[in-house]
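Student: predicted model and sequence below, questions to follow.
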Amino acid sequence: MGRRVLRWTTGVVVVLALVVAAGWAGYRWVLPHYRPDLAAGERYGIDVSAHQGDVDWEAVAADGIDAAYLKSSEGATFEDPRFAANWAGAREAGLEVGAYHFFTLCKDGTEQAENLLARLREVGADDTALPPVLDLELSGNCSARPPRGVVDQRLTDLVEAVERGTGRRVVLYALDDWTSRYPLPEGLRDRDRWERRLLLRPSTDGWAWWQVSSRASVAGIDGPVDLDVVAPRG
């Protein structure tokens with residue numbers, strides 16, 4: 001009796017392990033290829049940086065991607081080494097393009113604004129480009145955690161300088177880890193938002209971009225990339 005129970009238990013465990021393994025394998029295969037159905041006027045977009053390496057933008061466009069945000073800068077001095085090449089390639093392929101800047105807690109806002117504005121001048125960005133995005137997240141940021149008042153001032157200075165320099169209102173990509181520690185200053189809460197909600201459509205309206213996945217497969221890009229949905233133009 002004991003041996004039969006042991007064999008039966010072992011068999012159940014093996015079957016469950018196989019089911020879990022098959023499910024995980026299926027999940028890993030399906031997730032990179034998942035694209036949500038689009039509502040009227042919506043389009044697919046991606047966001048890339050130098051981490052994606054050399055991108056074949058013609059292949060990206062042929063894979064149904066219509067827009068792309070490209071990392072331009074970080075902090076006061078860092079320049080993404082592939083920004084200019086990505087900008088030229090994406091525009092040549094017919095994509096709508098824009099720049100995003102990774103905001104660092106450790107630098108003055110006006111210095112960071114000049115870094116971003118210099119990158120936009122470098123590529124000749126004009127009113128046909130997507131509005132600049134500010135990437136707000138603690139992961140990958142500097143180790144310092146200044147008081148909220150200091151961060152609010154630096155972020156506000158950055159936003160005001162970029163909006164003066166471009167004549168465009170910025171879009172804010174603010175992750176939960178950021179807003180739980182540094183809620184957005186009241187004066188910036190009316191800016192368009194780029195929402196991150198993996199796989200599930202945002203539960204509220206009013207987003208400008210929606211990040212669907214951070215592990216998407218897109219033709220022309222070697223490895224995973226962020227997949228986004230672009231809201232209809234207002």
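Tutor: Happy to help now that I have it.

Student: how about low-confidence regions in this protein?
Tutor: For the chain, the stretches flagged by pLDDT under 70 are 1-30, 234.

Student: any idea which residue is closest to the centre of it?
Tutor: Nearest to the mean C-alpha position of the chain, by CA atoms, centre = their mean, lies residue 47 at 5.4 Å.

Student: for the nearest residue to residue 216 once chain neighbours are set aside, which three-state class applies?
Tutor: Sequence neighbours aside, residue 227 is the residue nearest to residue 216 in space, at 3.6 Å (criterion: CB to CB, 6 or more residues apart in numbering). From N, CA and C alone the C-beta is placed, and that goes for glycine too. Three-state call for residue 227 (DSSP: H, G, I helix; E, B strand; the rest coil): strand.

Student: wait, what's in contact with residue 227?
Tutor: When contacts are counted by CB atoms under 8 Å, 6 or more residues apart in numbering, residue 227 touches 35, 44-46, 211-213, 216, 218.

Student: drop anything exposed from those.
Tutor: Neighbour-count burial (16 or more other CB atoms under 10 Å) applied to the contacts of residue 227 gives 44-46, 211-213, 216, 218.

Student: circling back to that earlier point, show me what the residue nearest to the residue nearest to the centre of the chain when sequence neighbours are not counted is bridged to.
Tutor: Among residues not flanking residue 47 along the chain, residue 69 sits closest, at 4.1 Å (CB to CB, 6+ apart). Here residue 69 sits in beta bridges with residue 47, residue 98, going by DSSP bridges.

Student: residue 69 is in contact with residue 101, isn't it?
Tutor: No - here residue 69 lies out of contact with residue 101, judged by CB atoms under 8 Å, at a distance of 10.4 Å.

Student: what about the helices in the protein?
Tutor: For the chain, the helices defined by DSSP state H occupy 2-33, 57-62, 83-92, 109-123, 148-166, 176-181.

Student: ok, residue 96 - contacts?
Tutor: Neighbour list for residue 96: 66-68, 128-130 [criterion: CB under 8 Å, 6+ apart].

Student: just the buried members of those?
Tutor: 67-68, 129-130.

Student: buried residues in stretch 114-130?
Tutor: If you call a residue buried by 16+ other CB under 10 Å, then stretch 114-130 has these buried ones: 114-117, 119-120, 123, 125, 129-130.

Student: how many neighbours does residue 43 have?
Tutor: Using other CB atoms under 10 Å, residue 43 has 16 other residues around it.

Student: picking that back up, which one of residue 69 and residue 101 has more residues nearby?
Tutor: residue 69 (29 against 26).

Student: list the contacts of that one.
Tutor: Counting by CB under 8 Å, 6+ apart, residue 69 touches 45-48, 97-100, 130, 133, 209, 228.

Student: and what of residue 201?
Tutor: Each residue near residue 201 by CB under 8 Å, 6+ apart is listed here: 36, 210.

Student: was I right about residue 115 contacting residue 77?
Tutor: Yes - with contacts counted by CB under 8 Å, residue 115 reaches residue 77, the gap being 6.4 Å.

Student: just checking, residue 141 touches residue 105?
Tutor: Yes - assessed by CB under 8 Å, residue 141 is found in contact with residue 105 at 5.5 Å.
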